[in-house]
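Chemist: this is a predicted model, with the sequence first.
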2 protein chains.
Amino acid sequence: MKATILTVGDEVLIGQVVNTNAAFLSKTLFSIGIPVERVITIPDTEKDITREISKAISEYDVVISSGGLGPTHDDITVKCIAKVFKKKLVHHQQTFERIKNIFERRKLQLPANIKHQAMMPEGALLFENKTGTAPGILILKGKKIFCAMPGVPHELEYITVNELIPMLKKQKGSGGKVLLQKTLHTIGIGESFLSQRLGDLDKLLVKDNNSSVKLAFLPSNYEVRLRITVGALTIQKAEKLLKCTLEIVKTKAKNFIYSYSEKPIEEELGRLLAKRRLTISIAESCTGGLVCSKLTNVSGSSAYVMAGAVTYSNNAKIKMLGVKKTTLVKHGAVSRETAIKMAEGIRKLAKTDIGISTTGIAGPAGAVPGKPVGLVWIGYSNREKSFAKEFIFTKDRIRNKEAMSKMALEVVRRELLDIK
Amino acid sequence: MKATILTVGDEVLIGQVVNTNAAFLSKTLFSIGIPVERVITIPDTEKDITREISKAISEYDVVISSGGLGPTHDDITVKCIAKVFKKKLVHHQQTFERIKNIFERRKLQLPANIKHQAMMPEGALLFENKTGTAPGILILKGKKIFCAMPGVPHELEYITVNELIPMLKKQKGSGGKVLLQKTLHTIGIGESFLSQRLGDLDKLLVKDNNSSVKLAFLPSNYEVRLRITVGALTIQKAEKLLKCTLEIVKTKAKNFIYSYSEKPIEEELGRLLAKRRLTISIAESCTGGLVCSKLTNVSGSSAYVMAGAVTYSNNAKIKMLGVKKTTLVKHGAVSRETAIKMAEGIRKLAKTDIGISTTGIAGPAGAVPGKPVGLVWIGYSNREKSFAKEFIFTKDRIRNKEAMSKMALEVVRRELLDIK
């Protein structure tokens, strides 16, 4: 079974919207053994949509389109589907009712053009969309499967996970070569060094001619994700091969791996904090609240995140965190000493087990001799000790905030796990 | 001149990396009048890359590839380019030196495999990459233009803006139909209502047969971007048509439009605050630091953002912001009264002109009867008055944090501009 994705919409083709839907669909289909062999983005004109749906359905087993199911006049995918599959468009009362309820829950008035969204190709199966207005539309043509998804990412994701994937799993059955994949997240080591450290794994692994191991390095924002793909004739062989590969990778790069799943560092750290019943508070200067925002992205974080302070001005550092004016004058706001005092200050104020801090130069302005843009001091304090570490990142403000925030979380993780 | 984009990499095709590069390239090329007519994503095998480059260069005027220029063994794009264009690979000393300098600046050891990245197709023009290791590689073949870009987004962006676009502008010259585009950002109004409010603009505009106006609605996270595209035979006609369209849109939806450029709301609000010399402080509960992080994403925000407090626990609300225990007990942490006291508390603590606050239920847990997940109270306080407003968003934690944070900024914007 092979699949293709059609992304519909000028907004994608002219680059106004990033194609996260294709990424999500590809990933999810891959995970059930249906590789996406082509992703193509097309304009939202009737001519393009009808032509590409027809072409795709003749060449692939599974065709998934995204976009063009909304309530406005530029949403014409449903019309095109009806044309390609030769179906009439009919009013679908259940869909209409569901859309009505959504507006009522949010205490909003019902717009007039919403009826347009309840018109469906006659005989199509509809996938319920519990997170938005447009349902997924499924059309089966012989052994071929066509599914139209709304373009709003979280709606597409909901329908994919809850409706499309279970259905495809049933259709697909089993057979063929087994592919298994695992992605590790590393931080604090560059792509080149990681690759050098791991070396040629192929030579270290005992495997037959039908088995394969592939490593891929995916750098982004001072993290490198390491994707391991193994292939074998049976699931047992594939699992064994993946296990061996993981063992070798662990031996070679253990301290840099913060996650053996797709979880971000804040989730991994949150898990550690919750498990050890430790509480944390955060004092931020250059990261401006991002460390705290990341930590609180995790559901249940209220159990360990007690408080945060964003002390952008020196005055706030003094008043909210009790940093001494003399420390700021003598060493500067961006210094080991200030970072330590900030971490100690927030820990005492919030009465937490751990206090962390960031103070640095996010840029693009603010550099002084010896303190370049991208410099950050990350402070850590617990009941026994306080310290601060220095890192230098890049020249871009947003990327600095991101990298510095992740590194602050990593400093805590390393400390908790006693990684030097 | 028509263009195509080849995205190279299994990581994109299996959905591990989102194709932001295609979006960026499409947008940038469109802005200089070179439409991207196809975006295709291909696996990083020699067979696929060489075949697709050959095909693309025969069908399109401009071909841009992204990915596969890194230092690791899975980076094979350079090898494929050499093969397609029949060039030898040679060591490029200048590139090697530049890479060496990058590692030295960050006080890192030079990895061994870095030499691989300095191998270039003989005779290719290189675009300097000031933000990373791999340069852009340009090959001209008759009137056709091929350019290979690194896959790391900020590197690709740097080379595109500073090298590729100026070069393409020169090659292209002028001629053909003129397209102009403008995107407005709206907030606080749904896609359906916005579309209804604007109606059929086509009927309101006086234009000839060679002119066109197109509206597109791009919803994401409780914002709707409204893209206006006008086409006409001359730049003067296109500009006039765009101006007329904008006037009508403004009349019909003015209060919901927070930006007439591609700027996010934090930048727009920052501009207002700076212009009026007002300072702001932020007290956050459910948004966990995200409001403050957004505000501090803007370069120069240290002029108006004084301090933030993330008071996740009741204790922190009492201790850091001076919210009274009786207020929390009587009305609850998620209430109009608490939101107002939080905004007043942070304003007084940080001695700012404005204080804002968020308290709500980000979810997925935490709902109580009458207080559903997605509910937020946004508080506002200045020297003259304090108030709070209630909003209900969705059921997803991350999207709630995002929507609530944007709305908090919007509440301030509306207050400053006296929008009811």
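Modeler: On my side now, so go ahead.
Chemist: and the next helix or strand past the helix or strand of chain A with the lowest mean pLDDT?
Modeler: Lowest by mean pLDDT, DSSP states H and E among the helices and strands of chain A is helix A:201-204, with a mean of 70. Next helix or strand after helix A:201-204 toward the C-terminus (DSSP states H and E): strand A:212-220.
Chemist: give the pairing partners of that following strand; include direction for each.
Modeler: Strand A:212-220 pairs in its sheet with strand A:223-232 (antiparallel), by DSSP bridges.
Chemist: mean confidence for the next helix or strand after the partner strand?
Modeler: Next helix or strand after strand A:223-232 toward the C-terminus (DSSP H and E): helix A:235-253. Helix A:235-253 shows a mean pLDDT of 90.
Chemist: which positions within helix A:235-253 qualify as buried?
Modeler: Neighbour counts using 16 or more other CB atoms under 10 Å in any protein chain shown place A:Lys237, A:Ala238, A:Lys240, A:Leu241, A:Leu242, A:Cys244, A:Thr245, A:Leu246, A:Val249, A:Ala253 of helix A:235-253 among the buried residues. From N, CA and C alone the C-beta is placed, and that goes for glycine too.
Chemist: and stretch A:324-342, by the same measure?
Modeler: A:327-328, A:331-342.
Chemist: dihedrals phi and psi, the most far-flung residue of chain A relative to its centre?
Modeler: Within chain A, A:Thr326 marks the point farthest from the mean C-alpha position, 42.7 Å out by CA atoms, centre = their mean. Main-chain torsions, A:Thr326, degrees, to the nearest 10: phi -60, psi -40.
Chemist: what's the spacing between it and chain B?
Modeler: Separation of A:Thr326 from chain B (CB to the nearest CB, to the nearest Å): 21 Å.
Chemist: do the same with A:Lys395
Modeler: Going from A:Lys395 to chain B by CB to the nearest CB gives 8 Å.
Chemist: and that residue, what's its pLDDT?
Modeler: For A:Lys395, the model assigns a pLDDT of 77.
Chemist: tell me the spacing between it and A:Leu417.
Modeler: Separation of A:Lys395 from A:Leu417 (CB to CB, to the nearest Å) stands at 31 Å.
Chemist: same question, A:Cys286
Modeler: Taken as CB to CB, the span from A:Cys286 to A:Leu417 is 26 Å.
Chemist: out of the two, which sits in the busier spot?
Modeler: Neighbours per residue (other CB atoms under 10 Å in any protein chain shown) separate A:Cys286 from A:Leu417, with A:Cys286 holding more: 26 against 10.
Chemist: so A:Lys395, which of the three states?
Modeler: coil (DSSP: H, G, I helix; E, B strand; the rest coil).
Chemist: state the phi and psi torsions of the closest residue in space to it that isn't next to it in sequence.
Modeler: Nearest non-adjacent residue to A:Lys395, counting by CB to CB, 6 or more residues apart in numbering or on different chains: A:Val373, 5.3 Å away. Recorded main-chain torsions at A:Val373 are phi -60, psi 140, according to degrees, to the nearest 10.
Chemist: which ones are touching A:Val373?
Modeler: In this structure, A:Val373 makes contact with A:Ile361, A:Ala362, A:Gly363, A:Pro364, A:Gly366, A:Ala367, A:Lys395, A:Asn400, judged by CB atoms under 8 Å, 6 or more residues apart in numbering or on different chains.
Chemist: what number of residues lie near the fourth one?
Modeler: Taking other CB under 10 Å as the neighbour definition, A:Pro364 ends up with a count of 13.
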